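# how would this look folded up:
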Amino acid sequence: MGIIDGSYVKAHLPDAKAIVADKGYDNECIREQITKKGVRAVIPRKRNSLKGNADMDWSLYRYRHLVEMLLLD
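Below you'll find the model as predicted:
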């Protein structure tokens, strides 16, 4: 998979209330495109981020693993 930028995200963003992704998608351009659509980005920030994870919804993020496991079966 190549680099995913904001234009790709904008073109492929589903109608949702929140987008949950792992920290591999921690990119300000991606976050900006998600929030411009009125969707909440539930993406943990990388360890070296200056902003931190104070606003992260960890309870919603935990469901990401369950969805991944369902898709693998």
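# Got the phi and psi for residue 47?
Residue 47 adopts backbone torsions of phi -60, psi -30, taken as degrees, to the nearest 10.
# please renumber so the chain begins at 58
Let's use 58 as the start, then, which means that last one is residue 104.
# okay, and for the protein, where does confidence drop off?
58-67, 130 (pLDDT under 70).
# ok, which stretches of it are strands?
Ranges of strands within the chain are 75-77, 97-99, based on DSSP state E.
# got a markdown table for the ones you listed, with distance to residue 128 and mean neighbour count too?
(Each C-beta comes from the backbone N, C-alpha and C, glycine too.) Shown next, in a markdown table, are the strands of the chain (distance: least, Cβ to Cβ, whole Å; neighbours: other Cβ atoms under 10 Å):
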| stretch | distance to residue 128 | mean neighbour count |
| --- | --- | --- |
| strand 75-77 | 13 | 17 |
| strand 97-99 | 17 | 18 |
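# Now distance to residue 127 too, for those, in JSON lines please.
Output for the strands of the chain, formatted as JSON lines (distance: least, Cβ to Cβ, whole Å):
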{"stretch": "strand 75-77", "distance to residue 127": "14"}
{"stretch": "strand 97-99", "distance to residue 127": "18"}
